[in-house]
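[1] Provided below for reference: sequence and predicted model.
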Amino acid sequence: MKSLQTAIMTLFTSTTGGANNSFWTVTNGQLFYGRAPAGSVFPYAIFFPVSGIPDNAFVTEYRDRIIQFSNFSDDPESALEANDMADKCEALFDGCSLTISGQTLIVMEVESNPGAMAEENTTAEGTTTIWHAPVDFRVHVKIG
């Protein structure tokens, strides 16, 4: 998973002609693995494996994983920002090319982009609405 994590972050932080990609821009460069650090400012995204299934066909080993990107916004008015983040995430990673150490990417394709849902966040200051827009990708790699 570490090699895939590195490959995802490399694509996320890559630039073209000195410009960042639109997913990097809409998240203010904040994509974290597993969870956001304490004190992270919205908007931001996290990614993590949802499942991983080995596929040992004859002598070639393949791995099929579902990776979820969770896009978070605290825009009090609507889910537009979170949905925009999800759409830009999909645009960057769906069908992308990744260089994964020790593996060959067969395909990374979107499985689900259902749109944002509201989640209540209660703190000492009160309750706020956080918008969560998940995007799931199927990542199929050949090991070795």
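    Noted; the coordinates are in hand.
[2] Regarding the chain, what is its longest helix?
    Determined from DSSP state H, the single longest helix within the chain is helix 80-93.
[3] helices and strands around that helix, which ones?
    The contact analysis (3 or more C-beta pairs under 8 Å, 6 or more residues apart in numbering; DSSP states H and E) places helix 80-93 against helix 2-13, helix 22-26, strand 60-73, strand 103-112, strand 126-143. Where C-beta positions appear, they are placed from N, C-alpha and C, glycine not excepted.
[4] Give me the sheet partners of the fourth one and which way each runs.
    Looking at strand 103-112 with DSSP bridges, its paired strands and their directions are strand 126-143 (antiparallel).
[5] if we can go back for a sec, need the helices and strands packed on helix 80-93 in a markdown table (columns: distance to Leu92, mean pLDDT and mean neighbour count).
    Shown next, in a markdown table, are the helices and strands packed on helix 80-93 (distance: least, C-beta to C-beta, whole Å; pLDDT from 0 to 100; neighbours: other C-beta atoms under 10 Å):
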| stretch | distance to Leu92 | mean pLDDT | mean neighbour count |
| --- | --- | --- | --- |
| helix 2-13 | 7 | 95 | 16 |
| helix 22-26 | 4 | 97 | 18 |
| strand 60-73 | 10 | 91 | 19 |
| strand 103-112 | 10 | 94 | 16 |
| strand 126-143 | 10 | 94 | 18 |
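[6] With respect to Ala118, which of these lies nearest?
    strand 126-143 (5.1 Å; C-beta to C-beta).
[7] The closest one: how far from the chain's middle?
    On the basis of C-alpha atoms, centre = their mean, to the nearest Å, strand 126-143 sits 6 Å off its chain's mean C-alpha point.
[8] One more: stretch 137-144?
    With C-alpha atoms, centre = their mean as the basis, stretch 137-144 stands 16 Å off its chain's centre.
[9] which residues sit against the longest helix of the chain?
    In this structure, residues lying in contact with helix 80-93 by C-beta atoms under 8 Å, 6 or more residues apart in numbering are 8, 11-12, 21-23, 25-27, 43, 45, 69, 71-73, 75, 108, 110, 113, 115-116, 131-135, 137.
[10] can I get the CA coordinates of that helix in PDB?
    Once non-C-alpha atoms are left out, helix 80-93 reads as follows in PDB (Å, rounded to 0.1, in the frame of the first residue of the first chain):
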ATOM      1  CA  LEU A  80     -21.300  22.700  -3.900                       C
ATOM      2  CA  GLU A  81     -17.700  22.900  -2.700                       C
ATOM      3  CA  ALA A  82     -17.600  19.300  -1.600                       C
ATOM      4  CA  ASN A  83     -19.200  18.100  -4.800                       C
ATOM      5  CA  ASP A  84     -16.700  20.200  -6.800                       C
ATOM      6  CA  MET A  85     -13.800  18.600  -4.900                       C
ATOM      7  CA  ALA A  86     -15.200  15.100  -5.700                       C
ATOM      8  CA  ASP A  87     -15.600  15.900  -9.400                       C
ATOM      9  CA  LYS A  88     -12.000  17.300  -9.600                       C
ATOM     10  CA  CYS A  89     -10.700  14.200  -7.700                       C
ATOM     11  CA  GLU A  90     -12.500  12.000 -10.300                       C
ATOM     12  CA  ALA A  91     -11.100  14.000 -13.200                       C
ATOM     13  CA  LEU A  92      -7.500  13.700 -11.900                       C
ATOM     14  CA  PHE A  93      -7.500  10.000 -10.900                       C
END
